[in-house]
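Asker: Have a look; sequence and predicted model below, questions after that.
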Amino acid sequence: MIHPEKKRLRRSMMFLNCQKPGLIKDPYIYKPDSMILDLEDAVAENQKDAARFSLFHALREIDYHGVERVVRINGLDTNFWKEDIMAAVAGGCDAIRIPKTERPEDVRLVEEVIEQAETRFDRPIGSVLIMAALESARGIMKALDICESSERLLGVALSGGDYTKDLQTHITGTGVELMGARQNMLIAARAAKVQCFDTVYTNLDDMEGFRKDVETIHLMGFDGKSIINPRQIQIVHDIFTPSEKDIIFAEKVVKEIDDKKEKGIGVFTVDGKMIDIAFYDGAKRTISLAKASGVYKGDL
């Protein structure tokens, strides 16, 4: 059984440090679409066991009110990751995020341990999904293979800090250094029909720069963005939620194509724009996204 929410709305994915129980007790109040409960970089090495303990009890005892619970495990080159998966699956997480994914075998190895955990803790086989974080030049070059590695894979996410370090450059704020990686992984994700998420924007003093960054990745076609602070959520949601103008146009396109198809008309205009059947899927996606975002009030 594959999780029915593989394609769910994931505009915002907020990182939370499991080493600090106060951070993971009520993040649902900010209404991110997903939260990434972090056992990796944010947790000091001598606090891994304590963070895992906090994670398990948070997953078991806290009602997150429908916010997706993704757990970022430690790297596959550490001694922690298998225990991380066991605790996360036992606690009831929705997905596992693999850091530093460089090959499809990484995904399949994690999938094997997840299935062992599902069996051990009486969870339906296939119920825990996987995200793969691409953090290196090799990971970006293997993006399509990674995207096609498992039926559990809901999508891939860029980790810009490690990627630019591997590229021997740094985050500039312009996005130039990330453009190749963003484009390559997005194309791979679309070819494999999985979702694609952008990296965090760490300068919380530059909200205008953050907005421009989100607008850029939205125009590129990303599904959402990883974030580090609740202040960033509303900007992401505003940009990734269809506007009333977008929704009205999409409704017109769908209705006109349905009508013209029955009459044998292939090309026509809507609001002065030439439209044909190629616009249909995009219009339907806009309406589906508007429904998932809670802003659609139409009848399609």
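Answerer: Yep, it's here. Residues are numbered from 1 along each chain as shown.

Asker: buried ones in the longest helix seen in the chain?
Answerer: Taking DSSP state H as the criterion, the chain has its longest helix at helix 244-263. The neighbour-count check on helix 244-263 (16 or more other C-beta atoms under 10 Å) flags 247, 249-251, 253-254, 256-257, 260 as buried. Bear in mind the C-beta positions are built from the backbone N, C-alpha and C, glycine included.

Asker: And the contacts of it?
Answerer: Outside helix 244-263, the residues that touch it by C-beta atoms under 8 Å, 6 or more residues apart in numbering are 242, 266, 268, 270-271, 275, 277, 279-280, 282-284, 286-287, 290, 295-296, 298, 300.

Asker: Need the contact partners of stretch 68-83.
Answerer: Here stretch 68-83 has contacts from 5, 8, 10, 13, 15, 33-40, 48, 52, 55, 59, 84-85, 88, 92-100, 106, 109-110, 113, 131, 133, using C-beta under 8 Å, 6+ apart.

Asker: where's the longest helix of the chain relative to the chain centroid, distance-wise?
Answerer: 29 Å (C-alpha atoms, centre = their mean, to the nearest Å).

Asker: And stretch 129-147, by the same measure?
Answerer: 13 Å.

Asker: Buried residues, that stretch. List them.
Answerer: Buried residues in stretch 129-147, defined by neighbour count with 16+ other C-beta under 10 Å: 129-136, 139-140, 142-144, 146-147.

Asker: tell me the mean pLDDT over that stretch?
Answerer: Averaging pLDDT along stretch 129-147 gives 98.

Asker: heads up, I number from 42, so please use that
Answerer: All right, first residue 42 from here; so that's stretch 170-188.

Asker: returning to that earlier point: of the buried residues of helix 285-304, just say which sits nearest to Gly250.
Answerer: Taking C-beta to C-beta as the measure, Gly250 lies nearest Ile288 of the buried residues of helix 285-304, at 28.4 Å.

Asker: Glu86 versus the residue located most distally from the centre of the chain, what's the distance?
Answerer: Distance to the chain centre peaks in the chain at Lys304, reaching 40.6 Å (criterion: C-alpha atoms, centre = their mean). Lys304 is 68 Å from Glu86, where distance means C-beta to C-beta, to the nearest Å.

Asker: And for Glu109?
Answerer: Counting by C-beta to C-beta, the gap from Glu109 to Glu86 is 27 Å.

Asker: Between those two, tell me which one has more neighbours.
Answerer: Each of Glu109 and Glu86 has its neighbours counted (other C-beta atoms under 10 Å); Glu109 has more, 20 against 8.

Asker: beta partners of that one?
Answerer: Bridge pairing for Glu109 (DSSP bridges) gives the partners Ser75.

Asker: which regions of the chain lie under the pLDDT threshold?
Answerer: Residue ranges of the chain with pLDDT under 70: 42-45.

Asker: For the spatially most central residue of it, which non-adjacent residue is spatially closest?
Answerer: The chain has Phe238 as the residue nearest its centroid, 4.7 Å off, counting by C-alpha atoms, centre = their mean. Nearest non-adjacent residue to Phe238, counting by C-beta to C-beta, 6 or more residues apart in numbering: Ala198, 4.0 Å away.

Asker: tell me the contacts of the one you found?
Answerer: Contacts of Ala198 by C-beta under 8 Å, 6+ apart are 54, 138, 172-175, 237-240, 267.

Asker: Work out for me the element it sits within.
Answerer: Take DSSP states H and E as the rule and Ala198 turns out to sit in strand 194-199.

Asker: for that strand, the distance to its chain's centre please.
Answerer: 6 Å.

Asker: Neighbouring strands of it in the sheet, and parallel or not?
Answerer: Using DSSP bridges, the strands paired with strand 194-199 are strand 170-175 (parallel), strand 236-239 (parallel).

Asker: Pull the shortest one out as CSV, backbone CA atoms only.
Answerer: Think strand 236-239. Output of strand 236-239 as CSV, limited to C-alpha atoms (Å, rounded to 0.1, in the frame of the first residue of the first chain):
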residue,chain,number,x,y,z
GLN,A,236,7.6,16.7,-6.3
CYS,A,237,10.5,19.1,-6.1
PHE,A,238,11.4,21.5,-3.3
ASP,A,239,13.9,24.4,-3.0
